[in-house]
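**Student:** Provided below for reference: sequence and predicted model.
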Amino acid sequence: MADGVRLELVSRIDAIGRHLPHLGPADLATELEQVRRLAAAEGIGAAVAVVHALDSALARGERGPLIRGWLAILRDAVDCGMPDARACETFAAACSVRLTA
């Protein structure tokens, strides 16, 4: 993954975190969809898996500080630097544990 793409994704995630108190669920979902699309286009499956899990968390009604935790996992997924299936599976498993906790 190019550093420019990684920086853009991290910047978007950080912006979501800064604006989180002012984002409604629909706006948050829109912002996350933009992150998902860019991550998918760059083959960052781990980030795509986290966005899908975050969507599920939003559907369950998670808000505020709980979402900040999800954003931290999403940032880690972008920064992991491993675009392989194993990284995707690892982050998907971590999200699955978090969703059931």
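**Tutor:** Noted; the coordinates are in hand. Residues are numbered from 1 along each chain as shown.

**Student:** show residues contacting stretch 3-14.
**Tutor:** Stretch 3-14 is contacted by residues 31, 34-35, 38-39, 42, 44, 47, 71, 74-75, 78-79 when judged by CB atoms under 8 Å, 6 or more residues apart in numbering. C-beta coordinates here come from the backbone N, C-alpha and C atoms, glycine included.

**Student:** nearest to Ala53, of the residues you listed?
**Tutor:** Leu74 (9.0 Å; CB to CB).

**Student:** tell me the confidence at that closest one?
**Tutor:** As predicted, Leu74 sits at a pLDDT of 91.

**Student:** follow-up on the earlier one: adding secondary structure, neighbour count and distance to Arg60, write the contacts of stretch 3-14 out as JSON lines.
**Tutor:** Listed next are the contacts of stretch 3-14 as JSON lines, based on DSSP: H, G, I helix; E, B strand; the rest coil; neighbours: other CB atoms under 10 Å; distance: CB to CB, whole Å:
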{"residue": "Glu31", "secondary structure": "helix", "neighbour count": "17", "distance to Arg60": "18"}
{"residue": "Gln34", "secondary structure": "helix", "neighbour count": "13", "distance to Arg60": "22"}
{"residue": "Val35", "secondary structure": "helix", "neighbour count": "24", "distance to Arg60": "19"}
{"residue": "Leu38", "secondary structure": "helix", "neighbour count": "17", "distance to Arg60": "25"}
{"residue": "Ala39", "secondary structure": "helix", "neighbour count": "24", "distance to Arg60": "22"}
{"residue": "Glu42", "secondary structure": "coil", "neighbour count": "18", "distance to Arg60": "28"}
{"residue": "Ile44", "secondary structure": "coil", "neighbour count": "27", "distance to Arg60": "24"}
{"residue": "Ala47", "secondary structure": "helix", "neighbour count": "31", "distance to Arg60": "20"}
{"residue": "Leu71", "secondary structure": "helix", "neighbour count": "18", "distance to Arg60": "16"}
{"residue": "Leu74", "secondary structure": "helix", "neighbour count": "30", "distance to Arg60": "17"}
{"residue": "Arg75", "secondary structure": "helix", "neighbour count": "17", "distance to Arg60": "21"}
{"residue": "Val78", "secondary structure": "helix", "neighbour count": "24", "distance to Arg60": "23"}
{"residue": "Asp79", "secondary structure": "helix", "neighbour count": "14", "distance to Arg60": "26"}
